[in-house]
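**Q** Kindly return the folded structure for what I paste below:
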Amino acid sequence: RKKYSFLEMVKSPELAVEVSLQPLRRFSLDAAIVFSDILVVPEAMGQPYHFREQGGIGMDFRLESEGCLEKLDTEEALPKLFYVRDALCLLRQELGDSKAMLGFCGSPWTLACYMIDGGSSPNFPKTVEWAQSSPHSFAKLMEKLTEVLIGYVKMQAQSGVDAIQIFDSWNGLCPNDRVNEWSLRWIDQIAQEVSSQIPVILYAKAPSDRLHYLSHCQVSGISIDHETDLAYARSTLPSHFTLQGNLDPALLETNPDTVRQTTLKLLEKMKGDSGHILNLGHGIRPQAKVECMEELVDTVTNYSDS
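**A** Here you go, the predicted model:
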């Protein structure tokens, strides 16, 4: 990070692979996640982004009206993402068959939130207003994003990923009676195009009482955030879904003993469930302690061995 910016590392296949491999060199993990960002897709469509000095994401311009949709290029977007393909191919070579490789993308709804509001926001009011007041033009944007994302996910599958996760991080902003129209139906279109090639995992952050809305999603697995009880998720969702999660990322800011006890408690809760992938309920935070991460990995490994 001292020599290269975030975006320079993302766009250089060699640097992206190096960053992707660093966690595996330090910890005994099961899989590598390619170093990238969900917003490379809007950028490839013609809407660049940057990091604000005060924190958060800023788009270089925001989509203010239906006329702005003409600025988005769907035909040439995929070739502009070939650096991700190249990084995945290099990473696959480095990993061989010893470790799984995971790819990812943002959901159409979540990408639209940044594109319409112009960057990070607590509740993306402009996006919600557009979706409510102009459903026809909003659907046009969703169609454009879905088209590009299908190509992007297929490209990742062809580059050797073992699974892909779709991040619908702002799913919780959709009203109950609009969550399918605004978000889930577009995710299903993506999943249906690639599910015969690779498993698709959906991370849809929303209140636990909304979990049942995911029951009919055309994905293989659901990633559960740390605010939802995992046993409740298992009893609510159909049994064919693999569940991923869901330790609180703040756990890694405590101490090894707390990490061990909390992790064992979750493992015991899900004991006998072959469709559970233990993971955090969200991304690792900068405050995480190395010794806590080591304890997490050791606890899971020793539990699995026993």
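**Q** drop to CA atoms for contacts and neighbour counts, all remaining ones
**A** OK.
**Q** Can you report phi and psi for Ser36?
**A** phi -160, psi -160 (degrees, to the nearest 10).
**Q** any idea whether the closest residue to it other than its chain neighbours is helix, strand or coil?
**A** Once flanking residues are discounted, Ser36 sits nearest to Val10: 5.2 Å by CA to CA, 6 or more residues apart in numbering. Put simply, Val10 is helix when judged by DSSP: H, G, I helix; E, B strand; the rest coil.
**Q** Tell me the backbone dihedrals of the most centrally placed residue in the chain, please.
**A** Central residue of the chain (CA atoms, centre = their mean): Phe167, 3.3 Å from the mean position. Main-chain torsions, Phe167, degrees, to the nearest 10: phi -90, psi 110.
**Q** and if you look at His240?
**A** Dihedral pair for His240: phi -80, psi -10, per degrees, to the nearest 10.
**Q** who's in contact with the residue lying closest to it once chain neighbours are set aside?
**A** In this structure, His240 finds its nearest non-sequential neighbour in Ser220, 7.6 Å apart by CA to CA, 6+ apart. Residues counted as contacts of Ser220 (CA atoms under 8 Å, 6 or more residues apart in numbering) are 195, 199-201, 240-242.
**Q** same thing but 6 Å
**A** Going by CA atoms under 6 Å, 6 or more residues apart in numbering, Ser220 touches 199-201, 241.
**Q** what's the following helix or strand after the strand or helix carrying Lys265?
**A** Using DSSP states H and E, Lys265 sits in helix 256-269. Remark: after helix 256-269, the chain's next helix or strand is strand 276-280, criterion DSSP H and E.
**Q** Alpha carbons of that next one, as PDB, please.
**A** Taking Å, rounded to 0.1, in the frame of the first residue of the first chain, the C-alpha atoms of strand 276-280 are listed here in PDB:
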ATOM      1  CA  HIS A 276     -22.200 -25.100   6.500                       C
ATOM      2  CA  ILE A 277     -19.100 -23.100   5.700                       C
ATOM      3  CA  LEU A 278     -17.700 -21.300   8.700                       C
ATOM      4  CA  ASN A 279     -16.800 -17.800   7.900                       C
ATOM      5  CA  LEU A 280     -17.200 -14.300   9.200                       C
END
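**Q** Show me what it is packed up against.
**A** strand 242-247 (3 or more CA pairs under 6 Å, 6 or more residues apart in numbering; DSSP states H and E).
**Q** neighbouring contacts of the strand it packs on?
**A** 221-226, 275-281.
**Q** Mark which of those residues are buried, thanks.
**A** Among the contacts of strand 242-247, the ones that count as buried by 16 or more other CA atoms under 10 Å are 221-226, 276-281.
**Q** from these, which two are the most distant?
**A** Taking every pair in those and measuring CA to CA, the maximum separation is 15.9 Å, between Gly221 and His226.
**Q** one step back: got the contacts of strand 242-247 as a markdown table, with pLDDT and distance to Met45 columns?
**A** As requested, the contacts of strand 242-247 are exported to a markdown table (pLDDT from 0 to 100; distance: CA to CA, whole Å):
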| residue | pLDDT | distance to Met45 |
| --- | --- | --- |
| Gly221 | 97 | 28 |
| Ile222 | 97 | 28 |
| Ser223 | 97 | 28 |
| Ile224 | 96 | 30 |
| Asp225 | 94 | 30 |
| His226 | 94 | 33 |
| Gly275 | 94 | 37 |
| His276 | 96 | 36 |
| Ile277 | 95 | 34 |
| Leu278 | 95 | 35 |
| Asn279 | 95 | 32 |
| Leu280 | 96 | 31 |
| Gly281 | 94 | 30 |
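**Q** That'll do, ta.
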